[in-house]
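Enquirer: Here is my input, please return the structure:
(chains A and B)
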Amino acid sequence: MKRGTSSALTMTLGIAAFLSLTATVVVGLTLPKTIEQGDYSKLIAIHPGIAWASYVALGVTALASALWLWPRTRSITYDLLAGASAEVAVVFTSLTLITGSIWGRPTWGVWWVWDARLTLSALMLALLLGYLALRRVPAESDVRARRAAVAAMLAVLVVPVNHFAVTWWRTLHQGRSLTQLTPENDLDGSFIFAMVLGFLAMTLVYAWLTVHRLRVARLEESLVDEDLELALEARRREAVLT
Amino acid sequence: MWHDALLVAGKDLRIEARSRVALNQVAPFGVLVLVLFAFALDPDRNVLVRAAAGLFWIAVLLSSLLAVQRSAGIEGADGVSDAQRLSGLDPAGIFLGKAAAVAVQLALLEVVLGVGVVVLYDVDVNGVLTLVATAVAATIGLAAAGTLYGVLAAGLRVRETLLPLLLLPVVAPVLIAATRASEAALTGLAVEVAPGDWLRLLVVFAVVYVAFGVVAYGMLLEES
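Expert: Numbers count the residues shown, from 1 in each chain, chains lettered A, B, ... in the order given. Okay, here's the model as predicted:
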């Protein structure tokens, strides 16, 4: 069996991710200053994209968990994919909060505001950390998969409720970034271009990271099986000798 | 299913009636939390009165962690979980029974803490009906979600530390909604979002988790 997580697909994906990320950074840095936010407005190149990638990652985790729970599509791959995607989701959700705070400081005057979307992101992060902590509890892969899949579904169920709760509670954030793409927006074309490029780059980075993480998880699984077989083999040899 | 639920709920409540863990440990803990809030906040400047609803629900939430852990814990001893699987009881019934027992204990706890808030924080109660409705919806939601996570974490060696991490972010909307709904009833102030809307949110939460528990509890019982 091949040891490693690289393949033609991930090489291509990695190069595409790197190129689009570089392009995003270059385009983002050359964006003009705005009157209200100065240089900070350049964050539009990465912040919405990172937030988008965190949603994608969560969506993939939820979908993979559902596919595992569905008896006809049950496969260890979906469990591992859910775990891999959740780990990447933690990275992107944390980055969303960090870049958001950096942007919020000059815009709102504070690092953190109790706005609906920030609160929701923070709650999502907490849910993800709980999910990953549960995955890390040692157990047979089948038991772990069932536990994790049910926990993921439980967490997914709460997201819409959370959404309404925090939205009614507080709302300060600007409208959804995607709605800025409609014709009547007042955002300059170059900003939109940078933002869309950011969406693309972050999606590619997400896919690249997740595929690699999934392959590492597969290797870990096979290592466990192999160790077991080796141990069995050793016991058998002992038995023959005595 | 309903018969099994009654059996399990009866069993859990009988154990509680004999061991008095919730009465002797969880309820005093909840009251202690209320007292600690008074130490942390300035009682003289009306801070407590304004924050009373939130503090009350935080105390309920923290106490519910203990109640849930206790509820899952009594199944862990002496191979009860295996016996439960062999007993032929409907898993949905077991879930409903355990959740109902937790809900009853939480409801009594809320009465104690409610009296505590009125006495200690000097709060005037205006809308009793809203408060009761809020408490009922929130309690069912908390008990259902708590029972699910309780059994999920039950067999694990890290359950004491894992349960709060899993449960608290999930019940965060209950805290928000229950606090807002009861705030209006306590302070009598006009609020942006009507208590009715918050109440609906609590009901949705409760329905979702009760339904999920009925469907998925069997799967969680199988595992350990």
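Enquirer: Every contact and neighbour count from this point should use C-alpha atoms.
Expert: OK.
Enquirer: Just give me the residue closest to the centre of chain A.
Expert: Residue closest to the average C-alpha location in chain A (Cα atoms, centre = their mean): A:A89, at 2.2 Å.
Enquirer: Run the chain-centre distance for stretch B:44-61.
Expert: When C-alpha coordinates are averaged (Cα atoms, centre = their mean, to the nearest Å), stretch B:44-61 and its chain have centres 17 Å apart.
Enquirer: Stretch A:127-146 now?
Expert: Centroid separation between stretch A:127-146 and its chain, computed with Cα atoms, centre = their mean, is 17 Å.
Enquirer: if I pick B:L148, what's in contact with it?
Expert: B:L148 is in contact with B:95, B:213, B:217, counting by Cα atoms under 8 Å, 6 or more residues apart in numbering or on different chains.
Enquirer: and the helix or strand containing the last one, is it in reach of chain A?
Expert: Here B:Y217 is covered by helix B:195-223, with elements defined by DSSP states H and E. Yes. In this structure, helix B:195-223 sits against chain A according to Cα under 8 Å from any Cα of the partner chain; the contacting residues are B:198, B:201, B:204-205, B:208-209, B:212, B:216, B:219-220, B:223.
Enquirer: Name the member of those residues with the most neighbours.
Expert: In terms of neighbours by other Cα atoms under 10 Å in any protein chain shown, the residues of helix B:195-223 next to chain A top out with B:F205 at 28 neighbours.
Enquirer: Can you verify my assumption that A:V60 contacts A:A84?
Expert: No. When contacts are counted by Cα atoms under 8 Å, A:V60 is not listed as touching A:A84 (9.7 Å).
Enquirer: In terms of pLDDT, where does the nearest residue to B:T130 once chain neighbours are set aside sit?
Expert: Nearest non-adjacent residue to B:T130, counting by Cα to Cα, 6 or more residues apart in numbering or on different chains: B:A185, 6.3 Å away. B:A185 is assigned a predicted lDDT (pLDDT) of 74.
Enquirer: So which bits of the helix or strand where B:A185 lies are buried?
Expert: For B:A185, the element it lies in under DSSP H and E is helix B:159-187. Neighbour counts over helix B:159-187 (16 or more other Cα atoms under 10 Å in any protein chain shown) mark B:159, B:162-187 as buried.
Enquirer: and the angle for that helix with helix B:195-223?
Expert: Between helix B:159-187 and helix B:195-223, the angle comes out at 160 degrees (axes from the mean of the first three to the mean of the last three Cα atoms, to 10 degrees).
Enquirer: residue ranges with poor pLDDT in chain B?
Expert: Low-confidence segments of chain B (pLDDT under 70): B:187-193, B:222-224.
Enquirer: related to what we said a few turns ago, would you confirm that the residue nearest to B:T130 contacts B:L131?
Expert: Yes. Applying Cα under 8 Å, one finds B:A185 in contact with B:L131, separated by 6.4 Å.
Enquirer: ok so, going back, mind checking how far the residue nearest to the centre of chain A is from chain B?
Expert: As defined by Cα to the nearest Cα, to the nearest Å, A:A89 lies at a distance of 16 Å from chain B.
Enquirer: who's in contact with that residue?
Expert: Here A:A89 is in contact with A:53-55, A:57-58, A:128 (criterion: Cα under 8 Å, 6+ apart).
Enquirer: Identify, from these, the entry nearest to chain B.
Expert: Using Cα to the nearest Cα, A:L128 comes nearest to chain B of the contacts of A:A89, at 9.0 Å.
Enquirer: wait, is B:G88 part of a helix?
Expert: No. In this structure, B:G88 is coil, not part of a helix, as judged by DSSP: H, G, I helix; E, B strand; the rest coil.
Enquirer: From B:D82, how far off is it?
Expert: From B:G88 over to B:D82 the distance is 11 Å, taken as Cα to Cα, to the nearest Å.
Enquirer: Just want to know which of these two has more residues nearby.
Expert: B:D82 (14 against 9).
Enquirer: do the helix or strand containing the more buried one and chain A meet?
Expert: Using DSSP H and E, B:D82 maps to helix B:80-86. No. Applying Cα under 8 Å from any Cα, one finds helix B:80-86 out of contact with chain A, separated by at least 15.7 Å.
Enquirer: So which bits of that helix are buried?
Expert: For helix B:80-86, burial by neighbour count (16+ other Cα under 10 Å) applies to B:81, B:84.
Enquirer: Check which residues of the helix or strand just after that helix are buried.
Expert: As assigned by DSSP H and E, the chain's next helix or strand after helix B:80-86 is helix B:91-121. Of the residues in helix B:91-121, B:91-107, B:109-110, B:113-114, B:116-117, B:120-121 count as buried by neighbour count, 16+ other Cα under 10 Å.
Enquirer: if we can go back for a sec, next, the angle from the helix holding B:Y217 to helix B:91-121.
Expert: Here helix B:195-223 runs at an angle of 130 degrees relative to helix B:91-121 (the same axes, to 10 degrees).
Enquirer: tell me which helix or strand of chain A sits lowest on mean pLDDT?
Expert: In chain A, the helix or strand scored least confidently by mean pLDDT, DSSP states H and E is helix A:141-169, which has a mean of 83.
Enquirer: what angle sits between it and helix B:195-223?
Expert: With the same axes, to 10 degrees as the basis, helix A:141-169 and helix B:195-223 are set at 180 degrees to each other.
Enquirer: Give me the packing partners of helix A:141-169, helices and strands only.
Expert: Here helix A:141-169 touches helix A:47-69, helix A:76-108, helix A:116-136, helix B:159-187, helix B:195-223, going by 3 or more Cα pairs under 8 Å, 6 or more residues apart in numbering or on different chains; DSSP states H and E.
Enquirer: by contact count, what packs against the helix or strand containing A:T24?
Expert: Assessed by DSSP H and E, A:T24 sits inside helix A:8-29. Applying 3+ Cα pairs under 8 Å, 6+ apart, one finds that helix A:8-29 makes contact with helix A:189-241.
Enquirer: Please state the offset of the helix it packs on from the chain centre?
Expert: Here helix A:189-241 is found 15 Å from its chain centre; the criterion is Cα atoms, centre = their mean.
Enquirer: and if you look at stretch B:146-156?
Expert: Relative to the centre of its chain, stretch B:146-156 is centred 14 Å away, using Cα atoms, centre = their mean.
Enquirer: Same question for stretch A:41-54.
Expert: Worked out by Cα atoms, centre = their mean, stretch A:41-54 lies 13 Å from the chain centre.
Enquirer: Check stretch B:5-12 too.
Expert: How far stretch B:5-12 lies from its chain's middle: 17 Å, per Cα atoms, centre = their mean.
Enquirer: before we move on, the earlier item: what's the residue nearest to B:T130 in contact with, if anything?
Expert: B:125-128, B:130-131.
Enquirer: at 10 Å what do you get?
Expert: Contact analysis of B:A185 by Cα atoms under 10 Å, 6 or more residues apart in numbering or on different chains lists B:53, B:124-131, B:134, B:179, B:195.
Enquirer: ok, residue 37 - how many residues close by?
Expert: With no chain named, the answer covers chain A. 12.
Enquirer: let's do chain B instead
Expert: B:F37: 19 surrounding residues under other Cα under 10 Å.
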